[in-house]
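Asks: Turn this into a model:
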Amino acid sequence: MRAVVCRELSGPQSLTLDDLPAPRPGPGEVAIAVAAAGVNFADTLMVTGKYQEKPPLPFTPGLEIAGTVTALGAGVTNVAPGDRVIGLVDRGGFAEVALARAGEVFPIPDAMDFDIAAGFPITYGTAHGGLVWRADLKPGETLLVHGAAGGTGLAAVEVGKALGAEVIATAGGPEKLEIAGAHGAGQLIDYRNEDIRDRVKALTGGRGADVVFDPVGGEVFLASLRAVAWGGRLLVIGFAAGKVPEIPANLLLVKNLAVFGLYWGAYRQKAPDLLRRQFETLTGWYAEGRLKPLVSHRLDLAEAGRALDLLLTRKATGKVVLTTGGA
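Replies: A predicted model of the protein is given here:
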């Protein structure tokens, strides 16, 4: 099979496309013929050794896949060969065949194409988990989403809208803001030319946002502390800006704020049943037409380095997926 291989932690340019033996499932595992694999910011960190989980070299990146079940390991009963599925993997997704633990394989609706499915679990799982499990977003509340044209940010716009929130989106430039607006954001802020705090205050009658969803970090997060309402909640999702902010605790005290972190991947081990129920909810919303995932780039496995660069240079909107030519 073809597989992308990382042999040194020097970034996307060091990735190679190799021919490797296809893996066979062990007990409790499922072999999946990968049609498409989602590309995530975590992959860019993993190939530079900056991710919280550091697989031994050499390894194949890729954390989420969609395809067809081809073989089952001993004891697997929840899926069958031929099933169309999403799979979550620790690594190994950028390949024509990948292994996933049976408990992390989920059916996909018939109407969901593989390239959409491949980019669905991490972004929508993170958005839903952050807004529901952590921030407890309520209908009618105001949600401020940063990086709202990126994969996770755009998913948060849609999930927030599905939950009944009023969504304010920030992004860099009119093209990205147009995408956020088309996916449910009612108010738009161009952070390149507008002050986030001033615009949020103006849009909310001086009150501020009830919940902030922030995958950007850096100065954007610090601006959010001043744009959030009294008693508001801020979600730390990631640091796409490259800078981890230090939180001035006095602002938390004065405004009665709560700051929540979310590492969605931890739920795979800590609360797998919760994750399964989440996928039932989210794929149900997709089938109802409430979620409309955007894939801006579909690239062959051979272009894995370019795919990661699209994320690092913030040139992608929605999701980037790698395809294998399989079905």
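Asks: Each with direction, which strands does the helix or strand that Leu99 is a member of pair with?
Replies: Using DSSP states H and E, Leu99 sits within strand 97-101. Next to strand 97-101 in the sheet, as set by DSSP bridges, lie strand 29-39 (antiparallel).
Asks: And the next helix or strand past the partner strand?
Replies: helix 41-46.
Asks: Please name every helix or strand in contact with whatever helix or strand comes next after that next one.
Replies: Downstream of helix 41-46, the next assigned helix or strand under DSSP H and E is strand 64-72. Here strand 64-72 touches strand 29-39, strand 84-88, strand 97-101, helix 114-118, going by 3 or more CB pairs under 8 Å, 6 or more residues apart in numbering; DSSP states H and E. All C-beta spots, glycine's among them, are computed from the backbone N, C-alpha and C.
Asks: and the longest one, how far from the chain's centre?
Replies: So that's strand 29-39. Its chain's C-alpha centre and that of strand 29-39 lie 17 Å apart, by CA atoms, centre = their mean, to the nearest Å.
Asks: next one: the third one
Replies: For strand 97-101, the separation from the chain centroid amounts to 20 Å (computed by CA atoms, centre = their mean).
Asks: And stretch 36-44, by the same measure?
Replies: Worked out by CA atoms, centre = their mean, stretch 36-44 lies 9 Å from the chain centre.
Asks: what does stretch 82-89 give?
Replies: 17 Å.
Asks: List the buried residues for it?
Replies: 83-89 (16 or more other CB atoms under 10 Å).
Asks: which residues in the stretch 151-300 of the chain form strands?
Replies: 166-171, 187-190, 209-214, 228-236, 258-261, 295-300 (DSSP state E, counting those that start in this stretch).
Asks: quick one, what contacts Leu131?
Replies: Listed by CB atoms under 8 Å, 6 or more residues apart in numbering, the contact set of Leu131 reads 137, 143, 156, 159-160, 163, 211, 213, 235.
Asks: typo on my end, Asp18
Replies: Asp18 neighbours (CB under 8 Å, 6+ apart): 2-5.
Asks: Same list (these) but as a markdown table, adding neighbour count.
Replies: Shown next, in a markdown table, are the contacts of Asp18 (neighbours: other CB atoms under 10 Å):
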| residue | neighbour count |
| --- | --- |
| Arg2 | 17 |
| Ala3 | 27 |
| Val4 | 28 |
| Val5 | 18 |
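Asks: In strands only, show me those.
Replies: In strands, defined here by DSSP state E, the members of the contacts of Asp18 are 2-5.
Asks: Next, name the residue at the spatial heart of the chain.
Replies: Residue closest to the mean C-alpha point of the chain, counted by CA atoms, centre = their mean, is Thr123 at 2.3 Å.
Asks: my read is that one is in a helix, agree?
Replies: Yes - when DSSP: H, G, I helix; E, B strand; the rest coil is applied, Thr123 is found to be in a helix.
Asks: Gly151 is in contact with that one, correct?
Replies: Yes - using CB atoms under 8 Å, Thr123 is in contact with Gly151, at 4.4 Å.
Asks: tell me, what's touching these two both at once?
Replies: With CB under 8 Å, 6+ apart as the test, Thr123 and Gly151 both reach Lys319.
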